[in-house]
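J.: need coordinates for the following:
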Amino acid sequence: MTEQVLEISKSGAVATVAMNRPNQFNALNAELRSALRDAIAEIDKDVDVRLAILKGNGRGFCAGADLTGGLKLPVSKQIDEEFKPILTGIAQSPKIWIAQVHGSAAGIGAAIAMNCDLLAMADDANIYMAFAAIALIPDGGNTQLLLNNMGYHRAMQAILEGRKIPADECLQYGIANALHRAGDLDAATLAWAQKLATGAPLAMGAAKRLLRQVGHLPFDEAINVEGREQDPLVESADFRAGVSAFFAREKPVFTGK
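T.: Next up, the predicted model:
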């Protein structure tokens with residue numbers, strides 16, 4: 001029987017994408033990598049979905065790359081062709097992605113979690129820089145993600161020591177947005193996603209695009225980019241609905257138009 005390596009479910013405007021190789025701690029084999037790329041593209045096209053939750057079934061979020069099948073050489077080519085599209089797909093998606101981490105997010109699984117737009121963790125979970133133990137450096141964008149969140153010295157320490165960064169430190173550094181007891185993580189993350197899904201989709205997408213680029217821009221250019229994103233928003237039906245609801249002291253209903 002063929003292993004179903006990925007499960008997708010929907011609850012209102014929220015899709016949940018669950019990696020489903022629990023016996024392998026959701027290690028990313030070729031089939032799961034392909035399934036993730038397809039799932040991201042599918043969710044991008046689904047007009048009924050506003051947010052997506054990415055989680056792992058079993059005892060952990062993701063153990064990283066599945067090394068049992070070996071690595072294709074040069075490994076840079078495999079990273080570029082098979083892993084990078086997952087990471088850039090999430091980064092460039094018009095939808096908001098929430099990583100839901102329990103157990104451990106290790107190796108490139110850590111990069112996938114930290115690359116999501118928001119991150120909720122079980123209070124006993126960790127982000128694991130597993131590379132040092134096998135004489136490698138972090139890849140998949142891990143170095144940039146750690147540096148941006150932790151600063152140079154703490155990021156270097158995590159890399160050289162092959163640290164398991166506990167959930168409370170992840171919250172402290174800004175890697176994680178929220179911590180929950182492991183038994184409450186599913187329900188709490190879904191409730192959070194459903195609350196966020198009542199927001200204005202066009203504005204959420206614009207905020208994501210801005211935050212993905214303004215950190216690398218001069219301040220004056222950041223102001224210009226914000227203005228260009230604002231132009232279509234102030235002409236949207238959602239803006240008119242929001243203003244009308246504000247003056248009527250009602251809760252707005254946004255349609256993404």
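J.: ranges for the helices of the chain?
T.: Secondary structure of the chain (DSSP state H): helices located at 30-45, 75-78, 84-92, 108-115, 142-150, 152-161, 167-173, 185-196, 201-211, 219-233, 237-248.
J.: of these, which is nearest Asn126?
T.: helix 167-173 (6.5 Å; Cβ to Cβ). Quick note: C-beta positions are derived from backbone N, CA and C, even for glycine.
J.: before we move on, back to that, pick the most deeply packed of the helices of the chain.
T.: Comparing the helices of the chain on average neighbours per residue, with mean count of other Cβ atoms under 10 Å, the densest one is helix 108-115 at a mean of 27.
J.: follow-up on the earlier one: how about the helices of the chain in TSV, adding mean pLDDT and distance to Ala130?
T.: Shown next, in TSV, are these (pLDDT from 0 to 100; distance: least, Cβ to Cβ, whole Å):
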stretch	mean pLDDT	distance to Ala130
helix 30-45	97	17
helix 75-78	94	15
helix 84-92	98	17
helix 108-115	98	8
helix 142-150	97	10
helix 152-161	97	11
helix 167-173	97	16
helix 185-196	98	22
helix 201-211	97	28
helix 219-233	97	35
helix 237-248	95	43
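J.: quick one, which of the ones you listed is nearest to Met121?
T.: That would be, of the helices of the chain and by Cβ to Cβ, helix 167-173, which comes in at 4.4 Å.
J.: what's next to that closest one, contact-wise?
T.: With contacts defined as Cβ atoms under 8 Å, 6 or more residues apart in numbering, helix 167-173 is touched by 101, 119, 121-127, 149-150, 154, 165, 175-179.
J.: pull the distance from that helix to the chain's centre.
T.: Chain-centre distance of helix 167-173: 16 Å, with Cα atoms, centre = their mean, to the nearest Å.
J.: stretch 125-139 now?
T.: 19 Å.
J.: end-to-end on it?
T.: In stretch 125-139, first residue to last residue: 21 Å (Cα to Cα, to the nearest Å).
J.: only the buried residues of that stretch, if you could.
T.: Ala125, Asn126, Ile127, Tyr128, Met129, Ala130, Phe131, Pro138, Asp139 (16 or more other Cβ atoms under 10 Å).
J.: could you do stretch 8-20 as well?
T.: Buried residues in stretch 8-20 (16+ other Cβ under 10 Å): Ile8, Ala13, Val14, Ala15, Thr16, Val17, Ala18, Met19, Asn20.
J.: quick check, Gly89 in contact with Arg37.
T.: Yes. Shown here, Gly89 and Arg37 form a contact pair, counting by Cβ atoms under 8 Å, at 6.3 Å.
J.: just list the residues touching Gln213, thanks.
T.: Taking Cβ under 8 Å, 6+ apart, we find Gln213 in contact with Val225.
J.: what does Asn149 give?
T.: Contacts of Asn149 by Cβ under 8 Å, 6+ apart are Met114, Ala155, Tyr173, Gly174, Ile175.
J.: separation between the residue nearest to the last one when sequence neighbours are not counted and Ile134?
T.: By the measure of Cβ to Cβ, 6 or more residues apart in numbering, the closest residue to Ile175 outside its immediate chain neighbours is Asn149, 4.9 Å from it. Taking Cβ to Cβ, to the nearest Å as the measure, Asn149 and Ile134 are separated by 23 Å.
J.: on that earlier part again, biggest separation within the buried residues of stretch 8-20, which pair?
T.: Longest distance between any two of the buried residues of stretch 8-20 is 22.8 Å, between Ala13 and Asn20; criterion Cβ to Cβ.
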